[in-house]
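Novice: got a sequence here, can you build the structure:
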Amino acid sequence: MPVDLPVKVFTSKGFSTTVVEGRGTEISQGGMTLYAGILLNPGDLLEVEFDMPTSSRLPAIVRSRNGFCFGLEFISPLPS
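Specialist: Residues are numbered from 1 along each chain as shown. Prediction:
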């Protein structure tokens, strides 16, 4: 379903967490299309936070990349 959703993207490496603003342009029950100014590659794990009355974060894995456009699959929970 086409959308225009502001989101925050959380990525972690070791003890460091990076937070980047992004936009969701399509969403389904299984995943979403994300535009964000961050370097991600297929297989990378992240969390997407939606700007809603109650903060909601979903774990996801990058399945595809075209520049700064990413195809995400929602997963649960994030592997350790």
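
Novice: centroid residue for this structure?
Specialist: Nearest to the mean C-alpha position of the chain, by Cα atoms, centre = their mean, lies Val48 at 4.1 Å.

Novice: quickly list what it is bridged to.
Specialist: Beta bridges link Val48 to Val9, Leu58 when assigned by DSSP bridges.

Novice: so it makes contact with Lys8?
Specialist: Yes - using Cβ atoms under 8 Å, Val48 is in contact with Lys8, at 7.4 Å. All C-beta spots, glycine's among them, are computed from the backbone N, C-alpha and C.

Novice: which neighbours do those two have in common?
Specialist: Gly22 (Cβ atoms under 8 Å, 6 or more residues apart in numbering).

Novice: in stretch 37-55, what's buried?
Specialist: 38, 40, 44, 46-50 (16 or more other Cβ atoms under 10 Å).

Novice: show me where this structure has helices.
Specialist: With DSSP state H as the criterion, the chain has no helices.

Novice: can you give me the strands for it?
Specialist: Ranges of strands in the chain, per DSSP state E, are 2-13, 16-27, 31-36, 45-50, 56-66, 69-74.

Novice: avg pLDDT for the second one?
Specialist: Averaging the model's pLDDT scores along strand 16-27 yields 95.

Novice: from here on, count from 22
Specialist: In the new numbering, first residue 22, that becomes strand 37-48.

Novice: ok and it relative to strand 66-71, angle-wise?
Specialist: Counting by axes from the mean of the first three to the mean of the last three Cα atoms, to 10 degrees, strand 37-48 points 60 degrees away from the direction of strand 66-71.

Novice: same check on the fifth one?
Specialist: Strand 77-87 and strand 66-71 meet at an angle of 120 degrees, taking the same axes, to 10 degrees as the criterion.
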